[in-house]
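Visitor: Sequence and predicted structure are below.
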Amino acid sequence: MKLIIGLGNPGDEYKQTRHNAGFMVIDELASVYNIAVNKKRYKSFFGKGSINDIDVVLAKPQTFMNLSGESVAQMIKGFNLSADDLIIIHDDMDMDIGRLRIRDKGSHGGHRGIKSIINAIGTDSFIRIKIGIGRPRAGMDSSDYVLSNFKKDETLVLKEAMNKALEAISFLLKDDVAAAMNRFNC
């Protein structure tokens, strides 16, 4: 079983914000693979199903971004999984909007949700799919930027990135991380 977690912030006011790119991918996966993400436990909404005949849990932590590790650690324990079974999807300000990058380990790179997960599970060795959201304009606070909505002209690029993320997840479930990085990192 794989635990596929999209990071974001709960609540309608954050639904279309840059920081919720991970939630958006989970919503798209849930729609495409007909997995209801409506069970509430482990400080998360989650649903069980399968993708390419692989059992998966899709989840959206409800702890707010900076405390994502609390939910992730509870799910790993609750489903009797390990960090090797984890795929985290999150936004990345250090990449242009629409770029996608897969990593299998590494530092949090300033992303507080990833930092929380690393601290909570005690390792930085887990798969992450980063969705580029671009940088704030000069003088804009980064917190304000990640909590802002995507502009209308950015939504098409974001949609393409989400489709690519779905393809990458499908690929990761049946192939190794190195092959996925070679194929999808742009």
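Guide: On my side now, so go ahead.
Visitor: For the helix ranked longest in the chain, what does the pLDDT average out to?
Guide: Determined from DSSP state H, the single longest helix within the chain is helix 152-174. The pLDDT scores in helix 152-174 average 90.
Visitor: ok, the residue nearest in space to the middle of the chain - contacts?
Guide: Closest residue to the average C-alpha location of the chain: residue 89 at 1.7 Å, with Cα atoms, centre = their mean. Going by Cβ atoms under 8 Å, 6 or more residues apart in numbering, residue 89 touches 4-7, 21-22, 25-26, 128-129, 131, 165, 169. For every residue, glycine as well, the C-beta is placed using N, CA and C.
Visitor: among those, who's most crowded?
Guide: The most crowded member of those is residue 7, carrying 32 neighbours; neighbours defined as other Cβ atoms under 10 Å.
Visitor: quick one: contacts for it?
Guide: 19, 22, 23, 61, 65, 68, 88, 89, 90, 91, 113, 114.
Visitor: pLDDT added to these, as a markdown table?
Guide: Output for the contacts of residue 7, formatted as a markdown table (pLDDT from 0 to 100):
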| residue | pLDDT |
| --- | --- |
| 19 | 88 |
| 22 | 95 |
| 23 | 95 |
| 61 | 97 |
| 65 | 92 |
| 68 | 95 |
| 88 | 96 |
| 89 | 96 |
| 90 | 94 |
| 91 | 93 |
| 113 | 91 |
| 114 | 93 |
